[in-house]
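Enquirer: Dropping a prediction and its sequence here:
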Amino acid sequence: MSTKNVKVLLLTKYGNLGASSRVRSYQYLKYLERNKINVTISELFSNEYLEILYTTDRKSKAIILFAYIRRFFILLNAIVCKKYDVFWIEKELFPWAPFFIEAIFYKTKTPVFVDYDDPIFHFYDNHKNILARSILGGKISKIISKASHVSVSSHYMYDYAKKSAPQKLSIIPPAVNIGEFENNNNNNNNNICVIGWIGSPSATIYLKTIEEALVEVNLNNEVKFVLIGAGRDTPKSIPFDKVVWTEETEVESMAQFDIGIMPLSNDFSSLARDHYKLVKYMASSIPYVTSPVRESLLVTENGVNGFIANNLEEWVSYLSMLVKDHQQRKIMGKKGFLIAKKNYSTEIVHKQIVEALTNIK
């Protein structure tokens with residue numbers, strides 16, 4: 001608990017429509033206020049920009065340039081006027097800009113708290129352009145080494161960050177407001193079993209990795225497939241019902257699911273992905289089937305709260321078993337909810353952020 005007011009400048013990448021910004025910072029603001037942590041938010045890209053990006057898949061160079069200039073002067077003013085006790089940065093200050101451009105902001109006397117939920121370093125060190133790799137490949141490790149404290153959401157990111165900041169590093173897992181889910185879980189009263197997926201448009205591509213399995217499950221069972229927040233590039237052989245994601249309707253929409261799915265592949269984005277989607281399924285009191293990536297393996301007790309499917313045959317087997325066994329779904333869903341409540345509730349996780357912001361040096 002803080003004994004004095006702590007003034008924090010929160011430098012997010014997006015407004016609250018951005019999943020990473022919303023999950024990693026915005027949802028904790030009420031808890032921080034209770035602990036005398038006064039947060040001023042300065043997003044790089046607004047919700048309006050995100051809406052354009054999601055609907056057209058186009059980036060405006062003019063908007064990006066203006067956003068960078070605006071952020072530079074906000075930071076400059078904050079440093080000169082010494083307005084804040086902590087700078088809280090989501091990922092990096094200026095995406096795709098060399099480290100030396102933002103290096104100056106890590107050399108002030110104001111402590112810097114940096115948070116990562118994605119392995120964005122791979123966008124740089126795995127870039128197809130050799131010039132981009134040489135200029136940006138080591139950027140994130142330099143940021144981590146200069147930051148006062150670094151938090152990550154997955155063990156993959158932890159292993160990477162530990163090389164640069166072994167003494168100032170913590171894992172802050174993805175979390176949900178468990179009370180919202182507790183009062184609205186699993187309200188599907190239909191006879192048809194609903195297999196559901198929730199995610200961002202960019203993650204829709206992973207549904208194709210299990211397309212054959214979903215086709216077989218659909219042919220041999222009476223099921224309905226529902227996607228929340230999916231993009232346009234979905235498998236055409238599956239009769240998906242698409243639901244538009246909104247923050248206000250997310251919990252209610254997920255309450256229609258009987259089974260959740262999280263298919264992934266072997267790309268770096270999958271291997272480093274945290275278990276946020278699984279936390280949502282557990283909070284919704286539904287069992288799930290997921291691919292065998294590291295975080296999934298860590299939170300899933302196979303056959304207890306979910307299943308790990310190592311191949312298409314197992315996807316078919318586990319989904320078919322859950323579709324046919326309503327009682328098993330209820331038992332596994334209840335177990336998952338208890339896990340989410342104990343380990344992945346904002347009521348629990350926010351304490352780590354409070355501690356980091358109040359004790360940072």
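Expert: On my side now, so go ahead. Residues are numbered from 1 along each chain as shown.

Enquirer: helices or strands next to the helix or strand hosting Leu227 in the packing?
Expert: Under the criterion of DSSP states H and E, Leu227 resides in strand 223-228. Strand 223-228 makes packing contacts with strand 193-198, helix 211-220, strand 240-243, helix 250-254 when contacts are defined by 3 or more CB pairs under 8 Å, 6 or more residues apart in numbering; DSSP states H and E. Where you see a C-beta, it was placed from the backbone N, CA and C, and this is true even at glycine.

Enquirer: quick check, distance from the helix or strand harbouring Arg70 to the centre of its chain.
Expert: In the assignment (DSSP H and E), Arg70 maps to helix 61-81. Here helix 61-81 is found 25 Å from its chain centre; the criterion is CA atoms, centre = their mean, to the nearest Å.

Enquirer: outside of it, which residues touch it?
Expert: 9, 11, 42, 44-45, 49, 83-84, 87, 93-94, 97, 105, 108, 110 (CB atoms under 8 Å, 6 or more residues apart in numbering).

Enquirer: Next, the buried residues of the least confident helix or strand in the chain by mean pLDDT.
Expert: Lowest by mean pLDDT, DSSP states H and E among the helices and strands of the chain is helix 47-56, with a mean of 72. Of all the residues in helix 47-56, those buried under the rule 16 or more other CB atoms under 10 Å are Tyr49, Leu50, Ile52, Leu53.

Enquirer: Quick check: the second one touching Gly15?
Expert: It refers to Leu50. Yes. The criterion here is CB atoms under 8 Å, and Leu50 meets it with Gly15 at 6.7 Å.

Enquirer: still on that earlier bit, the least confident helix or strand of the chain to helix 61-81, inter-axis angle?
Expert: On the basis of axes from the mean of the first three to the mean of the last three CA atoms, to 10 degrees, helix 47-56 is oriented at 150 degrees to helix 61-81.

Enquirer: Give me the neighbour count for Val223.
Expert: 19 (other CB atoms under 10 Å).

Enquirer: Give me the nearest residue to it, chain neighbours excluded.
Expert: Nearest non-adjacent residue to Val223, counting by CB to CB, 6 or more residues apart in numbering: Cys193, 5.0 Å away.

Enquirer: Pull the contacting residues for that neighbour.
Expert: Applying CB under 8 Å, 6+ apart to Cys193 gives the contacts Asn221, Glu222, Val223, Lys224, Asp258, Ile259, Leu322, Val323.

Enquirer: Just the buried ones from those residues, in ChimeraX syntax?
Expert: A single ChimeraX command is used to select the members of those judged buried by 16+ other CB under 10 Å:
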select :223,224,258,259,322,323
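
Enquirer: Would you state the strands of the stretch 201-350 of the chain in chain order?
Expert: Secondary structure of the stretch 201-350 of the chain by DSSP state E, counting those that start in this stretch: the strands cover 223-228, 240-243, 259-262, 288-290, 306-308.

Enquirer: Output those in a markdown table; the columns should cover distance to Trp197 and mean pLDDT.
Expert: Putting the strands of the stretch 201-350 of the chain into a markdown table (distance: least, CB to CB, whole Å; pLDDT from 0 to 100) gives the following:
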| stretch | distance to Trp197 | mean pLDDT |
| --- | --- | --- |
| strand 223-228 | 5 | 96 |
| strand 240-243 | 9 | 95 |
| strand 259-262 | 5 | 98 |
| strand 288-290 | 10 | 98 |
| strand 306-308 | 14 | 98 |
